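Participant: sharing a model that was predicted from the sequence below.
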Amino acid sequence: MRVLSVGSEIYPLVKTGGLADVMGALPAALSSEGITVRSLVPGYPAVTAALDRAESVLRIPDLFGGAAEIRAAAAGRHDLFVLDAPHLYARPGNPYIASNGVDWSDNAQRFAALCRAGALLARGAVGGFVPDLLHAHDWQAGLVPAYLHYEGHAAPPCVFTVHNLAFQGWFPAHLLGALGLPASAFVIDGVEYFGGIGFLKAGLQFADAITTVSPRYATEIATQDGGMGLDGLLRKRGSAVHGILNGLDTATWNPATDEHLAARYDVANLAARAVNKRAVQARMGLAPDPRALLFGVVSRLAGQKGIDLIIEALPVLDALGAQLAVLGTGETGIEASLREAVAARPGRVAAIIGFEESLSHLIQGGADAILVPSRFEPCGLTQLAAQRYGAIPVVSLVGGLVDTVIDANPVAISAGVATGIQFGPVSEAGLSDGLRRAAALFADPDKWSRMQRNAMALDVSWTEPARNYAALYRSLTSR
């Protein structure tokens with residue numbers, strides 16, 4: 001089976017979140033299911049610079065204001081189609097946001113172009129490549145099934161994956177014609193969404209199947225509290241919605257081979273984690289205290305991620321004699337609050353505002369516990385990496401965090417299956433309770449090391465998710 005995957009990021013070429021990880025890891029996992037995936041991505045500078053070889057396979061004279069071409073290319077293990085459109089993508093930095101922190105003003109055209117190219121490829125516009133199925137990811141690819149629908153051409157079935165419902169791709173209604181959509185599309189059963197054009201809504205409306213990145217999230221977004229204005233459509237399309245849990249790239253995330261660690265280790269050599277803990281403390285400017293419970297945070301610094309709750313709970317960390325190491329970038333207010341916390345608690349709280357791939361691995365390999373206090377979380381990969389590395393995840397009772405962490409309640413501890421700590425409600429009080437529970441367990445080395453071993457024994461790979469995606473693909477192509 002041939003699959004065309006369309007998305008705006010792919011690891012390791014360009015990444016702002018979990019979408020890139022899925023686009024990067026799922027194709028390789030599907031190969032064991034007899035499925036060949038070719039991914040269409042925008043030709044950002046980081047992408048074009050990484051291409052091993054590239055061949056122009058389709059020229060587009062005018063694509064939203066300039067000439068473009070689709071290039072068949074390889075980059076590492078990825079088989080790609082790259083949409084080379086310099087007038088849309090030849091820009092430095094974040095794929096969506098300009099250096100002034102504001103979205104690029106032409107994002108509607110930039111990602112409509114990606115969708116237009118995806119629709120062309122889905123219809124077999126490039127000789128020798130006729131996909132059996134289309135897999136579109138998040139709002140940036142949401143118009144692909146809409147273009148196919150309104151242009152009326154024969155097209156393969158489409159799977160649309162929601163990685164985060166909060167990012168919806170809403171644009172003003174006056175762009176309808178400029179984006180190549182007919183007037184008839186501007187209806188509630190089309191692309192119209194709260195008086196504008198909804199890219200994500202279009203994907204949900206016209207895809208043959210919808211997936212979310214965890215089963216719990218599929219349930220949450222069909223409710224008024226979690227649906228962010230789209231719950232009605234999701235309930236209407238309920239039989240088409242499937243929750244398939246994300247996996248982790250276990251080749252990249254492997255403590256036994258990870259070159260980013262100060263000391264490599266496995267489940268039989270957990271004592272080596274102490275070397276990484278010292279390295280984290282030294283790198284982050286924390287006191288070299290092996291007895292302090294070291295909490296790590298590797299996250300986008302945003303309200304969704306509950307980072308403000310961590311800041312509110314700092315007095316509890318003080319009382320526990322714990323340390324906190326934060327790596328991430330995001331909302332300016334949260335960044336400022338973290339800087340204040342670092343200044344007020346030298347040697348106990350540390351934060352590096354930015355992102356370093358190497359340091360993110362070291363924190364997973366050296367922190368005793370990883371905090372993920374999200375207000376909502378479609379899946380989350382941080383807690384998967386934490387368990388693989390023997391860092392106990394402390395997570396809120398939402399989304400994929402519920403699906404992937406076994407809470408250390410008395411029954412789970414007695415049965416020897418606990419892998420982390422869940423807390424609720426998602427508040428400062430709830431998180432503080434989780435911190436205290438973590439400290440109590442950390443004070444019992446036997447229980448703590450048993451949890452670490454349980455966590456590291458979990459299969460967090462893409463094997464089972466790939467099997468589930470393959471089954472869904474086959475059910476659609478066999479109709």
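Facilitator: Everything's here; your move. Numbering: from 1, shown residues only.

Participant: residue 352 should be in a strand, yeah?
Facilitator: Yes. Under DSSP: H, G, I helix; E, B strand; the rest coil, residue 352 falls within a strand.

Participant: what's the burial count for it?
Facilitator: Other residues lying near residue 352 total 18 when counted by other Cβ atoms under 10 Å. Glycine gets a C-beta too; all of them are placed from N, C-alpha and C.

Participant: residues contacting it?
Facilitator: Residues in contact with residue 352 (Cβ atoms under 8 Å, 6 or more residues apart in numbering) are 284, 326-327, 359.

Participant: biggest separation within those residues, which pair?
Facilitator: 326 and 359 (10.8 Å; Cβ to Cβ).

Participant: looking at these two, which has the bigger crowd around it?
Facilitator: More neighbours surround residue 326 than the other of residue 326 and residue 359, with 26 against 19 (other Cβ under 10 Å).

Participant: about what we covered before: out of the contacts of residue 352, list just those in strands.
Facilitator: 326-327 (DSSP state E).

Participant: with respect to residue 381, which of the contacts of residue 352 is nearest?
Facilitator: So of these, ranked by how close each gets to residue 381 (Cβ to Cβ), first place is residue 327, at 14.3 Å.

Participant: in the sheet, who's paired with the closest one?
Facilitator: Note on residue 327: beta-bridge partners by DSSP bridges are residue 298, residue 352.

Participant: relative to residue 401, how far out is it?
Facilitator: Using Cβ to Cβ, to the nearest Å, one obtains 19 Å as the distance from residue 327 to residue 401.

Participant: of these two, which one has the most company?
Facilitator: Legend: neighbour count by other Cβ under 10 Å for residue 327 and residue 401, higher for residue 401 (27 against 23).

Participant: go ahead and confirm the more buried one touches residue 421.
Facilitator: No. Under the criterion of Cβ atoms under 8 Å, residue 401 makes no contact with residue 421, lying 10.7 Å away.

Participant: shared neighbours of those two, anything?
Facilitator: 393, 395.

Participant: so who does residue 139 touch?
Facilitator: Counted by Cβ under 8 Å, 6+ apart, residue 139 has contacts 111, 167-169, 199-200, 203.

Participant: of the residues you listed, which is the most crowded?
Facilitator: residue 203 (30 neighbours).

Participant: now do the helices in the stretch 251-400 of the chain.
Facilitator: For the stretch 251-400 of the chain, applying DSSP state H, counting those that start in this stretch gives helices covering 273-284, 307-312, 314-320, 332-344, 357-366, 382-388, 399-404.

Participant: summarise which helices and strands the first one is packed against.
Facilitator: Same thing as helix 273-284. In terms of contact count using 3 or more Cβ pairs under 8 Å, 6 or more residues apart in numbering; DSSP states H and E, helix 273-284 is assigned the packing partners strand 294-298, strand 323-328, helix 357-366.

Participant: distance to residue 339 and mean pLDDT added to the ones you listed, as TSV?
Facilitator: Output for the helices and strands packed on helix 273-284, formatted as TSV (distance: least, Cβ to Cβ, whole Å; pLDDT from 0 to 100):
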stretch	distance to residue 339	mean pLDDT
strand 294-298	14	98
strand 323-328	10	98
helix 357-366	17	97
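
Participant: format the ones you listed as JSON lines; extra columns: distance to residue 345.
Facilitator: What follows is the helices and strands packed on helix 273-284, written out as JSON lines (distance: least, Cβ to Cβ, whole Å):
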{"stretch": "strand 294-298", "distance to residue 345": "13"}
{"stretch": "strand 323-328", "distance to residue 345": "8"}
{"stretch": "helix 357-366", "distance to residue 345": "18"}
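
Participant: which parts of the stretch 1-150 of the chain are strands?
Facilitator: Along the stretch 1-150 of the chain, the stretches classed as strands by DSSP state E, counting those that start in this stretch are 2-6, 36-42, 53-60, 68-75, 78-84, 133-137.

Participant: deepest-packed of those strands, please.
Facilitator: strand 133-137 (a mean of 27; mean count of other Cβ atoms under 10 Å).

Participant: between that strand and strand 36-42, how big is the angle?
Facilitator: 40 degrees (axes from the mean of the first three to the mean of the last three Cα atoms, to 10 degrees).

Participant: residue contacts, the residue nearest to residue 206 when sequence neighbours are not counted?
Facilitator: Excluding its sequence neighbours, the residue lying closest to residue 206 (Cβ to Cβ, 6 or more residues apart in numbering) is residue 145, at 3.8 Å. Residue 145 makes contact with 134, 136, 158, 160, 202-203, 205-208, according to Cβ under 8 Å, 6+ apart.

Participant: against residue 469, how distant is residue 145?
Facilitator: Distance from residue 145 to residue 469, counting by Cβ to Cβ: 17 Å.

Participant: how about residue 353?
Facilitator: Distance from residue 353 to residue 469, by Cβ to Cβ: 36 Å.

Participant: who has more neighbours out of these two?
Facilitator: More neighbours surround residue 469 than the other of residue 353 and residue 469, with 23 against 17 (other Cβ under 10 Å).

Participant: for the helix or strand encompassing that one, name the packing helices and strands.
Facilitator: In this assignment (DSSP states H and E), residue 469 forms part of helix 463-477. Applying 3+ Cβ pairs under 8 Å, 6+ apart, we find helix 463-477 packed against helix 18-31, strand 133-137, strand 158-162, strand 209-212.
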